[in-house]
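>>> Dropping a prediction and its sequence here:
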Amino acid sequence: MSTANAIGKYRWTICALLFFATTVNYLDRQVLSLLAPDLSKEFGWTNTDYANITSVFQFAYAISMLFAGRFIDKLGTKKGFTWAIIIWSLAAIMHAYAIEIGGMFSGFFSSIGLVIPVSILGFMISRAVLAFGEAGNFPAAIKATAEYFPKKERSFATGIFNSGANVGAILAPLTVPWIALHWGWQTAFVLVGAIGFLWMIFWWIFYDKPEKQKRLAKAELDYINSDTEAEVLITEQKEKVAWFKLLGYKQTWAFVFGKFMTDGVWWFFLFWLPKYLEAQYGMVKTEIMLPLAILYSMTMFGSIGGGWFPTYFIRKGHTAYDGRMKAMLIIALFPLIVLAAQPLGYISFWIPVILIGIGASAHQAWSANIFTTVSDMFPKKAVGSVVGIGGMAGGLGGVLISKSGGALFDHYKALGHIQTGYTIMFAVCAVAYLIAWIVMKSLVPKYKPITDL
């Protein structure tokens, strides 16, 4: 009998559940970006209007992430994840009724001096609720990974479930434009939003804490808990960890800065690429299906390969954290290729699609590792809270890059050179990871786990 069979494999069932939840998460958040070119024409939105709508999502996501980690830590992974997916699935469906929702609240906002067009207001409200629910996905998934996997397997498991973001990003352009073309944009929001309720059934059937999981063999439970005795003792302590105490550690700030610099890059690619293909190449509706599907298919390799990559260094004797940081330095170099997207884009739209695909793939490799630096450094009881703080920083970074992009695109569009706006934004995206790595390495030069929480 092989070692893997002797230990057991049920932890990978949990990983599969996290993968599908992340897939649904990204399906729901991407519907709007795929419909944005058509909705912009239907409702007369400028790039700044669209940036404001996406920024509401990112800002609400940022604030919610701060509390989502604490929420998951308090309720527990099973109940916390359930509430998160209920909220975000209902919110995804709300988008179909954005005009009615905007009409309901327009009077209130007018009374406080905010005159917002009904269509924009309705989508802003829907995006805010969606962000509130979706903020629970990654803190819950990272916490579940910390519960079900020893440290040496966490980055690989994280890479697998995080690749659900790529699958969602692939499935969305293959389905949403077609649904909208044949059944209307409202139906696209309703059908995609309803998928989350199906996932919830399987979550309640198959998930429980490892120590209560009847499907988990003792050998596998022992393997899951095979980290150092000090880690186990720390994990068993039940007192709350104050946010301000967590902010006193350089390890927290390294994660926070890394997320602030890089999360917005992924969201920029996710929310703005359909509009980029329209602005640069005149591609609309189902024309964007194949390029975006191929682009996001490339990111699968980054997510899974990036999760595996640190093991190369760990096997050479490096600690999990040091091996991860070496891998992240190499990963941070790949997005620099995005600098060539615009200069070479005149040849064919496939050039920027492939180059941005490489950059987006590097982001997913980076993401699989930066999440796991938290469980490398912090005891399990604090993982959700630290991930939440970093997620808030990432959301604020997303607001900054989206608002900047919208303003730049409208500015250069008025001058007849919208391509220049995209050149600037692609340059920012290209160098963000290298800057993030340098600061993270400066804050935490060597592996230093937190043992006094």
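Received the coordinates, thanks.

>>> what's the neighbour count on A365?
29 (other Cβ atoms under 10 Å). For the C-beta atoms, the positions are set from N, CA and C on the backbone; glycine is no exception.

>>> gap between it and A92?
Counting by Cβ to Cβ, to the nearest Å, the gap from A365 to A92 is 28 Å.

>>> Report pLDDT for S163.
pLDDT recorded at S163 is 79.

>>> Can I get stretch 72-92 as CSV, trimmed to CA atoms?
C-alpha atoms of stretch 72-92 as CSV (Å, rounded to 0.1, in the frame of the first residue of the first chain):
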residue,chain,number,x,y,z
ILE,A,72,-15.3,33.2,10.0
ASP,A,73,-13.2,32.8,13.1
LYS,A,74,-16.2,33.4,15.3
LEU,A,75,-18.8,31.4,13.6
GLY,A,76,-16.6,28.6,12.4
THR,A,77,-15.7,27.6,8.9
LYS,A,78,-18.9,25.6,8.1
LYS,A,79,-21.5,28.2,9.2
GLY,A,80,-19.4,31.2,8.2
PHE,A,81,-18.9,29.9,4.6
THR,A,82,-22.6,29.0,4.3
TRP,A,83,-23.8,32.5,5.2
ALA,A,84,-21.2,34.0,2.8
ILE,A,85,-22.5,32.1,-0.2
ILE,A,86,-26.1,32.7,0.6
ILE,A,87,-25.5,36.5,0.7
TRP,A,88,-23.4,36.6,-2.4
SER,A,89,-25.7,34.4,-4.4
LEU,A,90,-28.7,36.5,-3.6
ALA,A,91,-26.7,39.6,-4.4
ALA,A,92,-25.7,38.2,-7.8
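
>>> That stretch: which residues count as buried?
Of the residues in stretch 72-92, 72-73, 75, 77-78, 80-85, 87-92 count as buried by neighbour count, 16 or more other Cβ atoms under 10 Å.

>>> any idea of the mean pLDDT in it?
On average, stretch 72-92 scores 92.

>>> Which ones among the buried residues of stretch 72-92 map onto helices?
The helices, defined by DSSP state H, take in 72-73, 75, 77-78, 80-85, 87-92 from those.

>>> Quick one: residues contacting the residue lying closest to G136 once chain neighbours are set aside.
Leaving aside its sequence neighbours, G136 sits nearest to A84 (Cβ to Cβ, 6 or more residues apart in numbering; 2.8 Å). A84 sits next to A68, I72, G133, E134, A135, G136, N137, A140 when contact means Cβ atoms under 8 Å, 6 or more residues apart in numbering.

>>> can we see that at 10 Å?
A84 sits next to 21, 25, 64, 68, 71-72, 75, 132-140, 196, 200 when contact means Cβ atoms under 10 Å, 6 or more residues apart in numbering.

>>> Check M377 too.
Counted by Cβ under 10 Å, 6+ apart, M377 has contacts 249-252, 254-255, 320-321, 383, 386, 444, 447-450.

>>> Specify which member of those is nearest to Y50.
Minimum distance to Y50 across the contacts of M377 is 30.0 Å, recorded for F255 (Cβ to Cβ).

>>> any low-confidence regions in this protein?
Within the chain, the ranges that satisfy pLDDT under 70 run 1-6, 227-240, 453.

>>> now the strands for it?
Here the chain has no strands by DSSP state E.

>>> Which ones among the contacts of A84 map onto helices?
21, 25, 64, 68, 71-72, 75, 132-134, 137-140, 196, 200.

>>> Relative to A140, how far out is the residue nearest to G136?
6 Å.

>>> Between those two, which contacts overlap?
By Cβ under 10 Å, 6+ apart, the residues touching both A84 and A140 are A21, A68, F71, I72, L75.

>>> Let me know the closest of those to G113.
For those, the nearest to G113 is A68 (30.9 Å; Cβ to Cβ).

>>> how deep is that closest one tucked in, by neighbour count?
28.

>>> So it sits against G391, correct?
Yes: the pair A68 / G391 is scored as a contact, 7.0 Å apart, by Cβ atoms under 10 Å.
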